[in-house]
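Asker: Here's a sequence, model it:
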Amino acid sequence: CIPYSFIRKFFLAKYPSIIYDKHRYTTDGNRKLCRKTYRKCTMWKADRLGSMDKVRPDGFLNGGKAMNMLSLEQELKGNAYPGRGIVIGRTQDGKKAAIAYFIMGRSENSRNRVFVEEGEGIRTQAFDPSKLSDPSLIIYAPVRVLGNKTIVTNGDQTDTIYELMDKQMTFEQALRTREFEPDAPNYTPRISGILHIENGMYNYAMSILKSNHGNPDACNRFTFAYSNPAAGEGHFIHTYMGDGNPLPSFEGEPKLVGIPNDMEEFANTVWESLNEDNKVSLFIRFIDIETGVYQSKIFNKNSYKNK
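Answerer: Numbering: from 1, shown residues only. Below you'll find the predicted structure:
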């Protein structure tokens, strides 16, 4: 048998699928446990199975590997059509909560939009009202503020969350009343996020409601909660994996991305990384976690004027 400390130092890179415990392991081809600790230890061949059902004691997921932090810039540049996207996180200095929400479009109707301020949030509106052919699914309030909570979504579920949370329901309970969008054959996922800032504390959650692999008879619901998020980290979720017909829905959990301190840097990076042909509008907000004071920025391709 080999000591746990030796395995942890030298074998983790080669065998990331093992869930380690402070016991001993043999090194044969099947990586079986020593008999005397067999009942106390668990081994997973997640690299072959492609998934894991449990978490290793040190918290790593995804086949025993830590989630890699991705470059938001490269994620956007490498995907011509992520659709609509939400980024929520915390700046590197830990002082501010960060939000980004963008919309894209392929049709003239989808591209004929701008973001405008409304109260403490924003709404979409037609850039040229004479060209608006169908307002359903494209005209809505992406961002609303309810007390110390900021809601951001890709559809009119913003109003659902706002109204039901105002009646003491939870984020998840509110979204139980909604499903993916009825735009067959895409069945665009509804993505949502909520930030809660109170007494210098900050947490957020993200949700996606999607069809079951294109089957409109079933709705798959996923919520991801982040308590006391780490400085410099954020999560990115979007509607589509890329362009296609039908459009492929987002898969997996929100992507771990970096969040800088500078709002202008963050805003410009996101806007300049979005596909030039398909991008429509972008909203950025940084909120001071201690005071609740926020700064926002809007980019609209149609107006070519950035606030």
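
Asker: Could you tell me which residues make contact with residue 257?
Answerer: Contact partners of residue 257, counting by Cβ atoms under 8 Å, 6 or more residues apart in numbering, are 69, 70, 71, 72, 75, 87, 89, 233, 234, 235, 236. Where C-beta positions appear, they are placed from N, C-alpha and C, glycine not excepted.

Asker: which residue is nearest the middle of this structure?
Answerer: Geometric centre of the chain, nearest residue: residue 237, 2.9 Å, by Cα atoms, centre = their mean.

Asker: For residue 130, see how far away that residue is.
Answerer: The gap separating residue 237 from residue 130 is 34 Å, by Cβ to Cβ, to the nearest Å.

Asker: got the buried residues for the longest helix seen in the chain?
Answerer: The residue-count maximum for a helix in the chain (DSSP state H) belongs to helix 263-273. Neighbour counts over helix 263-273 (16 or more other Cβ atoms under 10 Å) mark 263, 266, 267, 268, 269, 270, 271, 273 as buried.

Asker: Check those and tell me the two furthest apart.
Answerer: 263 and 273 (15.8 Å; Cβ to Cβ).

Asker: Hmm, residue 107 and residue 131 touching each other?
Answerer: No. The criterion here is Cβ atoms under 8 Å, and residue 131 misses it with residue 107 at 10.8 Å.

Asker: Now do stretch 262-270: everything it contacts.
Answerer: Outside stretch 262-270, the residues that reach it (Cβ under 8 Å, 6+ apart) are 72-73, 76, 87, 98, 100, 102, 259-260, 282, 284, 286, 295, 297, 299.

Asker: SS state for residue 223?
Answerer: Of the three states, residue 223 takes strand under DSSP: H, G, I helix; E, B strand; the rest coil.

Asker: related to what we said a few turns ago, just the buried residues of the contacts of residue 257.
Answerer: 72, 75, 87, 89, 233, 234, 235, 236.

Asker: What ranges does the stretch 1-150 of the chain have for its helices?
Answerer: Under the criterion DSSP state H, counting those that start in this stretch, the stretch 1-150 of the chain contains helices at 4-10, 46-49, 72-77, 108-111.

Asker: weakest of the ones you listed in terms of mean pLDDT?
Answerer: Mean pLDDT per stretch puts helix 46-49 lowest among these, at a mean of 29.

Asker: if we can go back for a sec, please tabulate the buried ones among the contacts of residue 257 in JSON lines and include distance to residue 208 as additional columns.
Answerer: Converted to JSON lines, the buried ones among the contacts of residue 257 look like this (distance: Cβ to Cβ, whole Å):
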{"residue": "72", "distance to residue 208": "18"}
{"residue": "75", "distance to residue 208": "16"}
{"residue": "87", "distance to residue 208": "14"}
{"residue": "89", "distance to residue 208": "17"}
{"residue": "233", "distance to residue 208": "19"}
{"residue": "234", "distance to residue 208": "16"}
{"residue": "235", "distance to residue 208": "12"}
{"residue": "236", "distance to residue 208": "12"}
